[in-house]
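Colleague: Structure, please.
(2 chains)
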Number of protein chains: 2
Amino acid sequence: MAGDIAEQPEVYARLLEPASIAAIAEVADLIARRRPRHVVLTARGTSDHAALYAAYLIEIRLGLPAALASPSTITLFGARPDLSQALVVGVSQSGGSPDLGEVLRVARAAGALTLAVTNVAGSPLAEAAELEIGLAAGHERAVAATKTYTAELLALLLLVEAVRAGGGRLPDDERAALAGLPDLAAQALAEPAAVDLADRYRFADRLVTTGRGYAYPTAREAALKLMETSYLAALAFSGADLLHGPLAMADPDVPVLAVVGEGPGGGAMRDVLGRLGERRADVVAISPSAVAGAAARIPVPKVDERYAPLLDILPLQQLALALALARGEDPDAPRGLRTVTSTL
Amino acid sequence: MAGDIAEQPEVYARLLEPASIAAIAEVADLIARRRPRHVVLTARGTSDHAALYAAYLIEIRLGLPAALASPSTITLFGARPDLSQALVVGVSQSGGSPDLGEVLRVARAAGALTLAVTNVAGSPLAEAAELEIGLAAGHERAVAATKTYTAELLALLLLVEAVRAGGGRLPDDERAALAGLPDLAAQALAEPAAVDLADRYRFADRLVTTGRGYAYPTAREAALKLMETSYLAALAFSGADLLHGPLAMADPDVPVLAVVGEGPGGGAMRDVLGRLGERRADVVAISPSAVAGAAARIPVPKVDERYAPLLDILPLQQLALALALARGEDPDAPRGLRTVTSTL
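Modeller: Residues are numbered from 1 along each chain as shown, chains lettered A, B, ... in the order given. This is a model prediction of the structure:
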């Protein structure tokens, strides 16, 4: 897991090479020409969080309604929704779960434009789809996905920005911002604060993660990593949903990891942090700058919130790994899990 | 909270009166004539689970793609997705949260057909929408929503079935099945098993709930009720997502509440229950019949899985209430919460 985590700057650099950008732009060009009216994403586990990031990007950057599908309506209940005007995107590290392949097959038969985003070329998911984007992240050694998650994020970001550019060349400022990501990722990974925090959570048995907008997928993925490696009960909520009920659970004994960027999402977290403060919750902020009321902070590079998910998750992966080790667990072989999970 | 819970058979009976069915059929008729190509639902907290149930119904029963929206893309990031072919449904007990009203206003301006489902006539949400369905569930006294949740479920079921019938009269078998719901709800509430279980969870600090398909909203809502009233860390997963990571967290010390219906969703839970068995998890089944490997069972009436969410949640509400009382908490006034939660 440590090896997979450390490779992420390299994985970013590889996805940003001209050949890779051109391959994604080719897919984007086909999508731009087919003009889907809405986008349906389907994924499981970690990849579901990359799909959620893509849904935010697609709505905000492309002005297309985008949402995550429940595969079971199709795979278990035989639904055949009219997807003829949709782009349907399956996201999966292994491309091996039967339910996602089935969703893409049904969608394609209904006339949808279908796309598989996967790390395994020629996987069943890629076979089922009309279009394919490969992550080229290399073999993931640990069961808990890290580098394939961030590769999915970047591939989906490149795709959305290329569709926005009409399938053509990305604007220069976008290219410049993207080109800086490998170095920023290395910088985020070199920051020791997250690993130091493992001590703080050594005896925690539950934890809340929260963020809004682009930061919500980061909160979700951080919670999943902590569950997978350290067996904590880690509950992720959008900042807004946290106030609609689960806030009652927060007290000084429930640690909170809050992802607070600089932009509209981070701004909207201020109310959430205030309410958590009233409950005297123990808040650690993942943020590029000081956050009022936070007991500690994991500093992350200051970027537009749109890019932040590619950086903010990195120290949280390190935290999950360090916490598993501090607890005497084996993060490379979480109990009960398999690398390729087959669900119907 | 006990009073709100006990009223639910009555609330069902009221929604099933001819005048109420006719009012919903009128809305359905308008929807059927406008022929939306997809449905976007928006809600927070408990109502989000009713919206999730509706998304399953819409995909399975109407063959329309349906999904839940993240309000923040519109309210925080200024996204203006092209919703001109969508039906956009806001679901909210109070109809008072500014973000949902904003989503409906933006959707309406974009040419979407908009519908508010709310318990408060003339609420801001109802004002924002072109169409309105009132729940007539009466004032909800407790902060933790119970009768307005199940009223939302039934109103949305009636709406979907009426759209399926082309806005006309429901088929006789559907009418007969619906007419039986108030008695079945009373029967479910008279079953003592759930309240007896409060003892089992007296000292639990975390808990997992799970279900697939139509049962997944029940798992989500049960988890929220337990968080709101008893401050447990209650984690809800679709049975499929549970296998993609969080399963690692399950062990003999983490109680699992599994909603296992009789139908495709319950059938697909068998694999999940097997994997939970391998981890020696303590599983309590909410099910109309015996479930292999379950340590205990909360019996519920045997109905089609499509109707089960209207019954299965009832004993789980009772469990949340009983557990809060056993722990010396006040379920009517959960710490840190307000009846109308305003989020942007």
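
Colleague: burial count for whatever residue of the stretch 151-300 of chain A ends up closest to chain B?
Modeller: Across the stretch 151-300 of chain A, the shortest distance to chain B (C-beta to the nearest C-beta) belongs to A:His244, at 3.1 Å. C-beta: built from backbone N, CA, C; applies to glycine. A:His244: 25 surrounding residues under other C-beta atoms under 10 Å in any protein chain shown.

Colleague: what's the closest non-adjacent residue to it?
Modeller: Counting by C-beta to C-beta, 6 or more residues apart in numbering or on different chains, the nearest residue to A:His244 once its immediate chain neighbours are dropped is B:Gly45, at 3.1 Å.

Colleague: so what's that neighbour up against?
Modeller: Residues counted as contacts of B:Gly45 (C-beta atoms under 8 Å, 6 or more residues apart in numbering or on different chains) are A:Asp241, A:His244, A:Gly245, B:Ala145, B:Leu224, B:Thr341.

Colleague: if we can go back for a sec, can I assume the residue of the stretch 151-300 of chain A closest to chain B is in contact with B:Thr341?
Modeller: Yes. Applying C-beta atoms under 8 Å, one finds A:His244 in contact with B:Thr341, separated by 4.8 Å.

Colleague: Mind listing the shared neighbours of the two?
Modeller: B:Arg44, B:Gly45, B:Ser97.

Colleague: Top of the contacts of B:Gly45 by number of neighbours, please.
Modeller: Highest neighbour count within those, by other C-beta under 10 Å: B:Ala145, with 30 neighbours.

Colleague: for that one, what are its contacts?
Modeller: Applying C-beta under 8 Å, 6+ apart to B:Ala145 gives the contacts B:Gly45, B:Thr46, B:Ser47, B:Gln93.

Colleague: now, which of the residues you listed lie within helices?
Modeller: B:Gly45, B:Thr46, B:Ser47 (DSSP state H).

Colleague: what's the closest non-adjacent residue to A:Leu156?
Modeller: In space, A:Leu156 is closest to A:Ala54, 4.1 Å off (C-beta to C-beta, 6+ apart).

Colleague: cool, A:Ala112 as well?
Modeller: A:Leu83 (4.0 Å).

Colleague: can I assume the one you found is in contact with A:Arg105?
Modeller: No. Counting by C-beta under 8 Å, A:Leu83 stays clear of A:Arg105, with 11.4 Å between them.

Colleague: give me the element A:Leu314 is part of.
Modeller: In this assignment (DSSP states H and E), A:Leu314 forms part of helix A:309-326.

Colleague: buried ones in that helix?
Modeller: Applying a neighbour-count criterion of 16 or more other C-beta atoms under 10 Å in any protein chain shown, the buried positions in helix A:309-326 are A:309-325.

Colleague: Please report the distance of the closest residue to A:His38 other than its chain neighbours from B:Asp304.
Modeller: Computed as C-beta to C-beta, 6+ apart, the closest residue to A:His38 that is not its neighbour in sequence is A:Pro65, at 4.4 Å. A:Pro65 sits 31 Å away from B:Asp304, going by C-beta to C-beta, to the nearest Å.

Colleague: where does chain A have low pLDDT?
Modeller: Scanning chain A for pLDDT under 70 picks out the ranges A:339.

Colleague: tell me the residue furthest from the middle of it?
Modeller: Centroid-distance maximum for chain A: A:Glu278 at 29.9 Å, with C-alpha atoms, centre = their mean.

Colleague: what about that residue, distance to A:Leu247?
Modeller: 9 Å.

Colleague: Find residues that contact each of those two.
Modeller: With C-beta under 8 Å, 6+ apart as the test, A:Glu278 and A:Leu247 both reach B:Gly336.

Colleague: How far away from the center of its chain is the helix or strand hosting A:Thr229?
Modeller: Assigning secondary structure by DSSP H and E places A:Thr229 in helix A:215-230. The chain centre lies 9 Å from the centre of helix A:215-230; the measure is C-alpha atoms, centre = their mean, to the nearest Å.

Colleague: OK, contacts around the nearest residue to A:Val272 once chain neighbours are set aside?
Modeller: Distances taken as C-beta to C-beta, 6+ apart put A:Gly239 closest to A:Val272, at 3.9 Å, once the chain neighbours are dropped. By C-beta under 8 Å, 6+ apart, A:Gly239 lies in contact with A:Thr210, A:Gly211, A:Arg212, A:Tyr216, A:Ala258, A:Ala268, A:Met269, A:Asp271, A:Val272, B:Thr343.

Colleague: about what we covered before: of all the ones in helices among the contacts of B:Ala145, which comes closest to B:Asp173?
Modeller: Sorting those by how near they are to B:Asp173, with C-beta to C-beta, puts B:Ser47 at the top with 29.1 Å.

Colleague: what's the burial count for that closest one?
Modeller: If we define neighbours as other C-beta under 10 Å, then B:Ser47 has 28 of them.

Colleague: So the nearest residue to it once chain neighbours are set aside versus A:Gly266, what's the distance?
Modeller: Of all residues beyond its chain neighbours, the one nearest B:Ser47 is B:Val91 (4.3 Å), with distances taken as C-beta to C-beta, 6+ apart. Applying C-beta to C-beta, the value for B:Val91 to A:Gly266 is 28 Å.

Colleague: Between those two, point out the one with more neighbours.
Modeller: Neighbours were tallied for B:Val91 and for A:Gly266 using other C-beta under 10 Å; the higher tally belongs to B:Val91 (33 against 27).

Colleague: Cross-check the contact I'm expecting between that one and B:Val40.
Modeller: No. Using C-beta under 8 Å, B:Val91 makes no contact with B:Val40, being 11.6 Å away.

Colleague: overlap in contacts of those two?
Modeller: With C-beta under 8 Å, 6+ apart, B:Val91 and B:Val40 have no common neighbours.

Colleague: where's the residue positioned nearest the centre of chain A relative to chain B, distance?
Modeller: Taking C-alpha atoms, centre = their mean as the criterion, A:Ala50 is the residue nearest the geometric centre of chain A, at 3.4 Å. Between A:Ala50 and chain B the computed distance is 13 Å (C-beta to the nearest C-beta, to the nearest Å).
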